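Asker: Coordinates only, no sequence provided:
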């Protein structure tokens, strides 16, 4: 019971601290906003695998893959949207 | 009468002519609006918000091992992505694998995610843990640059977990104009301590496939990744996971574990070599509180040891992607040093060192044929302490992502 309480407190505390940290530290004038989708595609995909060919999938498929990769690669929302837009435009 | 007949025939002729003209006009009207026809046809093809996509990967190959030469693979990992809306995604991966006993089906992950806002996503289910990067991002066969995993980074998790059941929040944000971080925080069942009652030779080991938890305590973990450079080429990650691992109402119920990992990734273009350089590394450290276990070598007696395990690897690959030659620009040269250190005083303890060098030939961006030679230097066991090692070996694998 005691350990349960500790865990809940710890999780809530860490979540709150993370939220505060994120909101406090977020920079709206950042490189992702300044960069093109093509640049972000070239920089972020290659961290794990070769940069995908835009023609490998269709527009609708890229949107679903974008959601999947935003989670898997832990990308920002702006990075994901720009990369997906680039892939849809270039395919 | 004759006059009346003529008038009747005239009216009849006019009726038919006007009818024909009217019909023609209708046809002309239909023909004259192709845009509307097209719009109707396009509407029938309009996708809804629910979208389903199957992706995945597979591999096959041949391995020249110390005692035998065998074709391997035939494994197939379908990934199912179900996009329910702009905010909701379900993802799952299965693994179908041939084993000595037949075809084995495994559930790699199955989780649902909800994008709360641009900074936070919550997911729940069985998910790949952000404990370092190898398990979560680099292990798929078409992504892993070598045919084998580093020592200790096994599918079931030998030193550190690969996946677990629980709930997680994650996201990413720019903290300065150039630098950004990604973060995750999770609560999971956590590993289970093998107390050695049923398997004395495994007393003190952690088992990570703890799908029905053996206690009420949950493990808490997380990872923070820092990408300080403008081009996001460098990422340094710190991970931790903590929780009790002993089974409730046993002498081990208060035994806890502390798991740490540091990972590094550096990917950049080397213009002078017309190549891409990719450096990866990860160090896992698993520590379990000290306890006594049945001594399998002295029946009826207990023994204890410092229960700390380490597994780490460093990998470097150079892909000559920008060379102006259709053969050489598909080549990649890889080298990896990997070490596994298990508690020296445990009956299952010992050290393994593995060195692997390889050449890859990329058929396209997600299909590769890998040739690798690896050596194993092991203390305490002929074939090493990892289920993945079988002495020196030459491996050829063909992997495809789709």
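Answerer: Arrived safely. What you are looking at is a predicted structure, and each value in this text was computed from that prediction instead of being measured. Residues are numbered from 1 along each chain as shown, chains lettered A, B, ... in the order given.

Asker: Name the spans of the chain whose pLDDT lies under the cut-off.
Answerer: I went with chain A, as the question did not name one. Segments of chain A classed as low confidence (criterion: pLDDT under 70) are A:1-28.

Asker: try again with chain B
Answerer: Along chain B, the model assigns pLDDT under 70 to residues B:1-32, B:380-390.

Asker: so residue B:283 sits right up against residue B:310, yeah?
Answerer: Yes - Residue B:283 lies in contact with residue B:310 (CB atoms under 8 Å); the separation is 7.1 Å. Any C-beta I mention is one placed from the backbone N, CA and C, and that applies to glycine too.

Asker: right, is the helix or strand where residue B:36 lies up against chain A?
Answerer: Using DSSP states H and E, residue B:36 sits within helix B:34-45. No - using CB under 8 Å from any CB of the partner chain, helix B:34-45 stays clear of chain A, coming no nearer than 10.5 Å.

Asker: Go ahead and name everything in contact with stretch A:29-41.
Answerer: Contacts to stretch A:29-41, defined as CB atoms under 8 Å, 6 or more residues apart in numbering or on different chains, come from residues A:43, A:51, A:76, A:78-79, A:82-87, A:89-90, B:174, B:176-178, B:180, B:230.

Asker: try stretch B:228-239
Answerer: Under the contact criterion CB under 8 Å, 6+ apart, stretch B:228-239 has outside partners A:31, A:43-44, A:47, B:130-133, B:178-180, B:221-227, B:259-268.

Asker: what about burial for those residues, which qualify?
Answerer: The neighbour-count criterion (16 or more other CB atoms under 10 Å in any protein chain shown) marks A:31, A:43-44, A:47, B:130-133, B:178-180, B:221-225, B:227, B:259-261, B:263-268 among those as buried.

Asker: Now intersect those with the helices, please.
Answerer: Mapping the buried ones among the contacts of stretch B:228-239 onto helices (DSSP state H) picks out A:31, A:43, A:44.

Asker: what separates the first one from residue B:64, distance-wise?
Answerer: Pointing back at residue A:31 there. Summarising the geometry, the distance separating residue A:31 from residue B:64, computed by CB to CB, to the nearest Å, is 47 Å.

Asker: What of the last one?
Answerer: Residue A:44 sits 37 Å away from residue B:64, taking CB to CB as the criterion.

Asker: so where do the strands sit in the stretch 251-400 of chain B?
Answerer: Listed in chain order, the strands found in the stretch 251-400 of chain B under DSSP state E, counting those that start in this stretch are B:256-270, B:275-288, B:292-294, B:302-304, B:307-319, B:331-342, B:350-364, B:367-379, B:393-401.

Asker: Pipe these into JSON lines and attach distance to chain A per row.
Answerer: Written out in JSON lines, the entries for those read as follows (distance: least, CB to the nearest CB, whole Å):
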{"stretch": "strand B:256-270", "distance to chain A": "5"}
{"stretch": "strand B:275-288", "distance to chain A": "7"}
{"stretch": "strand B:292-294", "distance to chain A": "23"}
{"stretch": "strand B:302-304", "distance to chain A": "24"}
{"stretch": "strand B:307-319", "distance to chain A": "8"}
{"stretch": "strand B:331-342", "distance to chain A": "10"}
{"stretch": "strand B:350-364", "distance to chain A": "7"}
{"stretch": "strand B:367-379", "distance to chain A": "9"}
{"stretch": "strand B:393-401", "distance to chain A": "7"}
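
Asker: now for those strands, which one comes closest to residue A:72?
Answerer: strand B:393-401 (13.0 Å; CB to CB).

Asker: Please name the strands paired to that closest one in the sheet, noting orientation.
Answerer: Each strand that strand B:393-401 pairs with, and the sense of that pairing, follows from DSSP bridges: strand B:51-64 (antiparallel), strand B:367-379 (antiparallel).
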